[in-house]
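Colleague: Give me a 3D structure for the following:
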Amino acid sequence: MSCDDSPNTPPSTCSPPRTSGFSPLPTLSEGPSLGLGPDEEKPWATKQRRRRSLVVDALSPTTTRSPPWHANEVLPRHSFSAPSAQVKPDKVYFPGQSKSLEGIAIRSFCLGVALALSATALLSILLFTTSPLWRLPFFIGALSTFHFLEFWTTAKYNTSVASIDSFLLTANWPAYAIAHTAASLECLLTKLLFPNRAWAPFYSGHILLLVGIVLVFIGQATRSLAMVQAGPSFNHTIQRKKKDDHELVTTGLYSFLRHPAYFGFFYWGIGTQLVLGNPICFLGYLLVLWRFFASRIKSEEGDLVRFFDHDYIDYRKRVGTGIPFIK
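Modeller: Numbering: from 1, shown residues only. Coordinates of the predicted model:
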C-alpha cells in the first residue's frame, strides 16, 4: 500500500517508490526549520559537497568514477594521507656532499668555460699575432680536458665510485696547484721578457715542441683508454682491500703496459712542459712525477700481489711500466 492509500501514515515516514537502478533523492521536510535533524545535511551543503567531488573527479587522473546513479561519490585510488611513492634521492647527492650533483654541475661548467676560452685565445693568438704566448692557452685547454675526462670516464665506466673528487682538481693539494701555477708563470714571464730567445739546445725548439704536442695527446689518450678498459678495477685511490668486482686486467693496453694510466699521466705532464718551453719546470716535472710514480707503484703492487698472488707476480715479470727506471 502506498502513502496515498493510507491516510493515517504520517507524511514524514513515507518514502517515494524505489525505481530499479536509481537511488532515492533525499527527502526534505517542510516547516520553519526545514525539519533537519542534527545528523542531516542541509541542501546547500549537499550541493557543495557534490560539486566539489565532481571537480576533483574531473581533474584527478587517479580516481575511479562510480556508476551514474552514484555520481556524487568519488573513490580515489590513493588516499591523500598515504605516503608518497616518490623516492627521495640519497643525502650523498645533496649540496656539500661527496657526490653532490650541484658540485658536479658547477665543476663541469667551469671546465667547459675554461676550455672554450683557452681555445678562443689559442686560435686568436695564432691567427692574428706572431706571439709565442699561444702555448699558455694550450696548456690551460689541456688541463681542462684532462680533469673533465677524469670524471667522465669514472662516471661512465666505474659509476659507483664517481664523486666530486673524481675530477682530481684538488688531488695532492697544494703541491699539484703550485706545480701548474709555476709552469704557467714561467711560460708567461719568459715569453714576455725574452720572446726571441731560444732555450732548446742545438736549435731543436721546433722539434721539441712537436714532441711535446705528441706526448700530450698520446698521454691523455693512453690514460683515458686505460681507465675505460679497467672499468671497476680502476680507482683514483690505492685500494687496500680487494673488492668483489676487482679483477686483474691483462688485456688491451694492460697487455704491454703494467700501469698504462700512470704511463699516460707521466708523459702527458712532461709533454706539457715541452710545449710551454719551460726548461726549469720540465726538469721539475720530470723529477717529481718519476718519484711519485715510483713510490706509488711500489706501494700499490704490494697490495696487488696480496690480492692476486702468483698471477700478478707472473704478470709483473713479463710486462713493464713504460716509465724509465721503474721496473
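
Colleague: ok, H236 - contacts?
Modeller: 150, 154, 165-166, 168, 171 (CB atoms under 8 Å, 6 or more residues apart in numbering). In this view, the C-beta of every residue, glycine as well, is placed from N, C-alpha and C.

Colleague: can you check I125 too?
Modeller: 131, 133-134, 137.

Colleague: On the pLDDT front, check it for me.
Modeller: The per-residue pLDDT reported for I125 equals 96.

Colleague: What's the first helix or strand after the one helix or strand it maps to?
Modeller: Per DSSP states H and E, I125 falls inside helix 101-128. Next helix or strand after helix 101-128 toward the C-terminus (DSSP H and E): helix 135-157.

Colleague: List every C-alpha atom in that following helix, with coordinates, as PDB.
Modeller: Below are the C-alpha coordinates for helix 135-157, written out as PDB (Å, rounded to 0.1, in the frame of the first residue of the first chain):
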ATOM      1  CA  ARG A 135     101.400  28.000 -25.600                       C
ATOM      2  CA  LEU A 136      99.800  29.100 -22.400                       C
ATOM      3  CA  PRO A 137      96.100  28.700 -23.500                       C
ATOM      4  CA  PHE A 138      97.100  25.400 -25.000                       C
ATOM      5  CA  PHE A 139      98.300  24.300 -21.500                       C
ATOM      6  CA  ILE A 140      95.100  25.500 -19.900                       C
ATOM      7  CA  GLY A 141      93.000  23.700 -22.500                       C
ATOM      8  CA  ALA A 142      94.900  20.500 -21.900                       C
ATOM      9  CA  LEU A 143      94.400  20.800 -18.200                       C
ATOM     10  CA  SER A 144      90.600  21.400 -18.600                       C
ATOM     11  CA  THR A 145      90.300  18.400 -20.900                       C
ATOM     12  CA  PHE A 146      92.300  16.200 -18.600                       C
ATOM     13  CA  HIS A 147      90.200  17.000 -15.500                       C
ATOM     14  CA  PHE A 148      86.900  16.600 -17.300                       C
ATOM     15  CA  LEU A 149      87.900  13.200 -18.800                       C
ATOM     16  CA  GLU A 150      89.000  12.000 -15.300                       C
ATOM     17  CA  PHE A 151      85.400  12.500 -14.100                       C
ATOM     18  CA  TRP A 152      83.700  11.400 -17.200                       C
ATOM     19  CA  THR A 153      85.500   8.100 -17.600                       C
ATOM     20  CA  THR A 154      84.900   7.300 -14.000                       C
ATOM     21  CA  ALA A 155      81.200   8.200 -14.100                       C
ATOM     22  CA  LYS A 156      80.700   6.100 -17.200                       C
ATOM     23  CA  TYR A 157      82.800   3.000 -16.600                       C
END
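
Colleague: Counting by contacts, list what that helix packs against.
Modeller: Other helices and strands packing on helix 135-157, by 3 or more CB pairs under 8 Å, 6 or more residues apart in numbering; DSSP states H and E, are helix 101-128, helix 175-193, helix 205-230, helix 260-276.

Colleague: Just checking the distance from the helix of greatest length in the chain to the centre of its chain.
Modeller: Longest helix in the chain, counting residues (DSSP state H): helix 279-308. Centroid separation between helix 279-308 and its chain, computed with CA atoms, centre = their mean, to the nearest Å, is 29 Å.
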